[in-house]
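Peer 1: Whatever this is, show me its structure:
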Amino acid sequence: MAEPHGTYYFATGDLVLQVDDVLFKVHRYLLTQSSSVFRDMLEIPQGEQNQVEQQPILLTGDSVEGWSTFFELHYRE
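Peer 2: Numbers count the residues shown, from 1 in each chain. Sure, this is the predicted structure:
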């Protein structure tokens, strides 16, 4: 079962990503401003907040460390 990341799991987040067995709950705005791939993917309407948490976007082939570093750089600003 996946567990929330110790730092990048925000109560105010509106997007949940799962990498391996770690959940990142972050702000959609951050990813849509940083990546055209995510911008296009996230144009699809999302469900209610509780549905977002129950159905995270699975990122296979990525590393928890890589995403942690990405968020560290972007949330620092």
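
Peer 1: only C-alpha atoms for contact and neighbour calcs from this point on.
Peer 2: Noted.

Peer 1: and Leu23, what element?
Peer 2: When elements are defined using DSSP states H and E, Leu23 is found to belong to strand 22-26.

Peer 1: Note down every partner strand of that strand and its orientation.
Peer 2: strand 3-9 (parallel), strand 15-19 (antiparallel) (DSSP bridges).

Peer 1: now these as a markdown table including mean neighbour count?
Peer 2: A markdown table is the format used below for the strands paired with strand 22-26 (neighbours: other CA atoms under 10 Å):
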| stretch | mean neighbour count |
| --- | --- |
| strand 3-9 | 15 |
| strand 15-19 | 22 |
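
Peer 1: what would these look like in JSON lines with mean pLDDT and distance to Gly66?
Peer 2: As requested, the strands paired with strand 22-26 are arranged in JSON lines below (pLDDT from 0 to 100; distance: least, CA to CA, whole Å):
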{"stretch": "strand 3-9", "mean pLDDT": "97", "distance to Gly66": "13"}
{"stretch": "strand 15-19", "mean pLDDT": "95", "distance to Gly66": "10"}
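
Peer 1: out of the ones you listed, nearest to Leu58?
Peer 2: Of all the strands paired with strand 22-26, strand 15-19 sits nearest to Leu58, with 4.8 Å by CA to CA.

Peer 1: Now for the most centrally placed residue in the chain: which residues touch it?
Peer 2: In the chain, the C-alpha nearest the mean C-alpha coordinate belongs to Leu17, at 3.6 Å (CA atoms, centre = their mean). By CA atoms under 8 Å, 6 or more residues apart in numbering, the contact list for Leu17 reads 23-26, 56-59.

Peer 1: Thanks a lot, catch you later.
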